[in-house]
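*Asks:* Kindly return the folded structure for what I paste below:
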Amino acid sequence: MKKRLFIMLLAILLFVFILLSIKCYYSPKGQILDFPVFYKVTKNPTEMEFEVVFDKTDYNVILFPMLSYNEISVYLNDMLIYENGYKYSSLWNKAFYVVFDKNLLKDKNRLKLRIKGLYDIGIQKKIFLTDKMTAIKKIFFLNFFNENIYLISIGAAIVLGLILLIISGYNDLKYFKYMGLSTLFIGIYIFDTVSRLYNGSILFSLILRKIFLSSFYISSILVLIGIEYYFFNRIKSKIMIYITSFSIFILLLSPNFYYLKIFSNYLNLIAMINLMILTYWIYKSNNIYLLFPVTFLTITSIHSILVLFLGLNEPLIFGYGVLAASLGFGFSLVLEYKHLSDKNKTLFDKALIDPLTGAYNRNIFDNNKFNGYFAIIDIDDLKKINDKYGHSKGDEVLKKFVDIAKNNLRNTDYIIRLGGDEFAIITNSENIEKIIERIRKIYNEKTGFDFSYGISVACNFLCKYLFLDGNKLIKLDYNS
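*Replies:* Numbers count the residues shown, from 1 in each chain. Presented below is the predicted three-dimensional model:
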């Protein structure tokens, strides 16, 4: 319990650290311009114009940390110094700066800002004047925190999703399949956070937006299904599947961007519930590898949902949650896959090992071809030993022979129990007869019993007929 609470506390502390670090880079460093700070959703495409007056200054750079817009024009003393965007662009997540010629400055200067928004518009952080070096540093970190990290997250999500789907295809593991699909859908959603200068027509822009938003909600329910299969081997949250699916259907019917925005705000709450259930299941489990990334993902998701729902002027750090979840899921599921592989290997090895003696059994011939020398060995008088001393003594003799053989063979050699009192030794050593005689001598000294043997060559196949002890013909019923 304490360990799980500690892990969740670490996730919360990491969230607070990242959020405060980003907000630190949003803080103005220079001369603040008195533009209003606001954000609003609009029913129709909107154009707004703002103007501020400032005194002559030594600064020659205007820094725009965070705006919501599709098109922007900047005028200094009625001269156009910057414009960017298109009516169907998506540029809300990109910080930028504008350098102007100081010769344009007067004692009193008018800076005019004209912005257009398709369905939302806003100046979400203070615009300020600064020097070029400060602007370069600020923009570098802001765009890394708010855009580049999402590109990294997209790559991580797509790669992990494909790996999980490939694994699920080979092993028929449902939770790998659902987790892989969830990760791919979240990768699709994150494309919505990346700046796009051109989206085509308004219809295509609306379709893209629906695809991106739907992908997030689909991902939230798929990851919940995957985790429930992982822990319970069945779906326990069927009601959330129905609610989420119906809500996505309503979202896809949105006639325009305004209603799409309104519907998505309420769907965000449903996605939040899915992620909270997910976190609860993992908290109740003993999987500490998944607890940290899922907790961090849930916190960043809830934060982003609240920011969008309440229209807060806060940076979104959902991409960090996706990146942490991708790495965490990847690490945890790789460990799970390794565990399954080790388990399968153990089962496979057991299928090849004779349980009594520890030598290989006949199954070793199914998937192997051998080169070198093949010696077939027959323990003398095993039936008499069993009859006289009991089967436990016979078993002891067989095990003793295998132990002696293993101690006198190399790691690359094979000792195989063919059945009953018959064994085979396969080796590349040219001194196979000396090896067999040494084993025979030690075996005789330690047990008082003997064995007979014959040697042949195993050239990528086992001979069907081998001579045993020079005069007895033995027929084998198997090939390599």
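*Asks:* Now the element after whichever strand or helix holds residue 82, going C-ward?
*Replies:* Using DSSP states H and E, residue 82 sits within strand 79-85. Downstream of strand 79-85, the next assigned helix or strand under DSSP H and E is strand 96-99.
*Asks:* chain center to that next one, what's the gap?
*Replies:* Computed by CA atoms, centre = their mean, to the nearest Å, the chain-centroid distance of strand 96-99 equals 37 Å.
*Asks:* Please name the strands paired to it in the sheet, noting orientation.
*Replies:* In the sheet, strand 96-99 lines up against strand 61-64 (antiparallel) (DSSP bridges).
*Asks:* State the mean pLDDT of the partner strand.
*Replies:* Taken as a whole, strand 61-64 has an average pLDDT of 96.
*Asks:* for the strand holding residue 82, packing partners?
*Replies:* Helices and strands touching strand 79-85, by 3 or more CB pairs under 8 Å, 6 or more residues apart in numbering; DSSP states H and E, are strand 71-76, strand 96-99. Where C-beta positions appear, they are placed from N, C-alpha and C, glycine not excepted.
*Asks:* Can you say which of those is packed in most?
*Replies:* Of all the helices and strands packed on strand 79-85, strand 71-76 carries the top mean neighbour count, a mean of 19, counting by mean count of other CB atoms under 10 Å.
*Asks:* partners of that strand, with directions?
*Replies:* When pairing is defined by DSSP bridges, strand 71-76 lines up against strand 79-85 (antiparallel), strand 108-117 (antiparallel).
*Asks:* Is it correct that residue 371 is in contact with residue 428?
*Replies:* Yes. Between residue 371 and residue 428 there is a contact under CB atoms under 8 Å: 6.6 Å.
*Asks:* Touching both of those two, which residues are there?
*Replies:* Both residue 371 and residue 428 lack any common contact, where contact means CB atoms under 8 Å, 6 or more residues apart in numbering.
*Asks:* quick one: the strands in the stretch 251-400 of the chain?
*Replies:* Counting by DSSP state E, counting those that start in this stretch, one finds strands in the stretch 251-400 of the chain at the ranges 373-379.
*Asks:* Run a quick neighbour tally on residue 31.
*Replies:* A count of nearby residues for residue 31, using other CB atoms under 10 Å, gives 14.
*Asks:* if we look at the sheet, which residues does it bridge to?
*Replies:* Here residue 31, judged by DSSP bridges, has bridge partners residue 129.
*Asks:* Just confirm it contacts residue 127, I think it does.
*Replies:* No. Counting by CB under 8 Å, residue 127 is not a contact partner of residue 31; they are 10.2 Å apart.
*Asks:* any residues in contact with both of the two?
*Replies:* Counting by CB under 8 Å, 6+ apart, nothing touches both residue 31 and residue 127.
*Asks:* So which other helices or strands are in contact with whichever strand or helix holds residue 166?
*Replies:* Residue 166 belongs to helix 149-171 when assigned by DSSP H and E. Using 3+ CB pairs under 8 Å, 6+ apart as the contact criterion, the elements in contact with helix 149-171 are helix 174-190, helix 318-352.
*Asks:* What segments of the protein are helices?
*Replies:* Along the chain, the stretches classed as helices by DSSP state H are 2-26, 132-143, 149-171, 174-190, 202-232, 238-252, 257-284, 288-310, 318-352, 382-389, 391-407, 432-447.
*Asks:* hmm, who's touching the second one?
*Replies:* It stands for helix 132-143. Residues outside helix 132-143 that contact it (CB under 8 Å, 6+ apart): 22, 25-26, 29-30, 60-61, 63, 65-66, 94-97, 99, 130.
*Asks:* tell me the angle of it relative to helix 2-26?
*Replies:* Per axes from the mean of the first three to the mean of the last three CA atoms, to 10 degrees, the angle that helix 132-143 makes with helix 2-26 is 140 degrees.
*Asks:* which ones are touching residue 66?
*Replies:* Counting by CB under 8 Å, 6+ apart, residue 66 has contacts 26, 95, 123-125, 142, 146, 313, 315.
*Asks:* rewinding a little: just put the helices and strands packed on strand 79-85 in CSV and tack on mean pLDDT and distance to residue 351.
*Replies:* Output for those, formatted as CSV (pLDDT from 0 to 100; distance: least, CB to CB, whole Å):
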stretch, mean pLDDT, distance to residue 351
strand 71-76, 95, 69
strand 96-99, 95, 64
